[in-house]
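1. Okay, predicted coordinates and the sequence, questions at the end:
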Amino acid sequence: MKAIVFREGSQWAVEDVPTPEPARGEVLLEVIRTGVCGTDEHLLHGGFIAKLPLIPGHEILGRVVALGEGVTSPAVGTVVTVDNTIHCGECGPCLTGRALFCENFVSLGCNEAGGFAEYVAVRAAKTFSADGLDVATAGLAEPTACAMHGADMLALKPGSEVLIFGAGPTGLILAQLLKTTGAARVVVAAPTASKLALAKEFGADETVQMDRGNADAAEAALRALAPNGFDAVVEATGSTAVLELGIRLTATGGTVLVYGLAGEDATASIRPYEIFSRELTIKGSFAQAFTMQRSMTALRSGAIKTEGIVTDVVGFDDFSRALSNLGDSSQVKTVFEPGKGL
Ligand SMILES: [Zn+2]
Ligand SMILES: [Zn+2]
């Protein structure tokens, strides 16, 4: 089969590789589409938990074409989304109910073969029927599940005022989700006007356009919107400067959620006295964690809208655009379709 392969030295190519065989407990999927994510760029450069060479792609939608030993469902032909994480069930964290921190953590598309390929083998038990969802919506199930874990981590009190930095797929989905989990007011701040317009369409109460060269103006505009600060601030850009700004804009007693993926060695400067005297809470959220089923329900119910999030579709021939789009602020989400152009 054909697959995108990331190799050492930030190299990638379309390669011919053996089609995977579904092992015991697995199903083989013919990939329909796989979302491209900022994480993929970190993986290309060997960051996050990359194990190179790697077939990346962790936001997988596919059709079941073969069943491994012992598998009775989902039936061949079923279109499914995938929880791409695998926990060993036997290590310390797994045995103490903290499987997300499994010492043998496997994430398809990060440290095992993922969905930028014609076929991918996945655990049958970690597939979710996409019945009743169109391809565009079902293809966003994994980022929705990640956002849902973020919402779980925030655990907002009803009536909260929330600020989200970033209007990428995560910011756009979280803005909607947090409205269902306690936010009375959601403000989205980002540099790109078209993305902020989409955030408004999805129900954000206010938006603030941030000029990266003039952070002071953005801070003043946000402070004017919430003079006492926001009960919760979500940093969904990966920028350390934005994190520092977010801490300043958090209300006393409030919570900052670190959601964006910063470089492993990036550092932000915080004042311990501020955390201490204002009793701030800083939380992290790094992956979806047992949230796929609820993500499918939220998408099916219409509570989370997705129209307009996918802005480009690439195949094998034009995959380079998947990567260049990540640096193009007019793009929201690119998806890879192996069947495109065939
Ligand atoms: Zn992702
Ligand atoms: Zn484990």
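-> Good, I have the coordinates. Ligands and ions are numbered 1, 2, ... in the order given.

2. Where does the record place the domain boundaries for the protein?
-> 2-140+306-336, 144-284 (automatic domain parsing).

3. What's the end-to-end length of the shortest one?
-> The one in question is domain 144-284. 17 Å (CA to CA, to the nearest Å).

4. mean confidence score for it?
-> Domain 144-284 comes out with an average pLDDT of 95.

5. Bridged to the nearest residue to residue 75 once chain neighbours are set aside, which residues?
-> Spatial nearest neighbour of residue 75, chain neighbours left out: residue 64 (6.8 Å); criterion: CB to CB, 6 or more residues apart in numbering. Where C-beta positions appear, they are placed from N, C-alpha and C, glycine not excepted. Per DSSP bridges, the residues bridged to residue 64 are residue 29.

6. burial measure for residue 64, as a count.
-> 23 (other CB atoms under 10 Å).

7. Is the residue positioned nearest the centre of the chain in a helix, a strand, or coil?
-> Nearest to the geometric centre of the chain sits residue 143, at 3.7 Å (CA atoms, centre = their mean). Following DSSP: H, G, I helix; E, B strand; the rest coil, residue 143 is assigned to helix.

8. thinking it is in contact with residue 36, fair?
-> No - if you go by CB atoms under 8 Å, residue 143 and residue 36 don't touch, sitting 10.6 Å apart.

9. overlap in contacts of these two?
-> Shared contacts of residue 143 and residue 36, defined by CB atoms under 8 Å, 6 or more residues apart in numbering, comprise 59, 333.

10. Show me which residues of this protein sit near ligand 1.
-> Contact residues, the chain versus ligand 1 (CB under 5 Å from the ion): 37, 39.

11. quick one: the helices in the chain?
-> Assigned by DSSP state H, the helices in the chain fall at 38-44, 92-95, 135-138, 141-154, 169-180, 193-201, 215-225, 240-248, 272-277, 292-301, 320-325.

12. so which of these gets nearest ligand 2?
-> helix 92-95 (3.3 Å; CB to the ion).

13. Report the buried residues of that closest one.
-> Using 16 or more other CB atoms under 10 Å as the burial criterion, the residues of helix 92-95 that qualify are 93, 94.

14. Any residue of it touching ligand 2?
-> Yes - using CB under 5 Å from the ion, helix 92-95 reaches ligand 2 at residue 94.

15. tell me the mean pLDDT over that helix?
-> Average pLDDT, helix 92-95: 96.

16. Please apply the same query to stretch 57-71.
-> 98.

17. buried residues in it?
-> Buried, per 16+ other CB under 10 Å, within stretch 57-71: 57, 58, 59, 60, 61, 62, 63, 64, 66, 67, 68, 71.

18. Tell me the one of the residues you listed nearest residue 82?
-> Closest approach between those and residue 82, by CB to CB: residue 60, at 4.3 Å.

19. Distance check, that closest one against residue 119.
-> According to CB to CB, to the nearest Å, residue 60 and residue 119 sit 11 Å apart.

20. Overlap of the contact sets of the two?
-> Jointly contacting residue 60 and residue 119 under the rule CB under 8 Å, 6+ apart are 29, 31.
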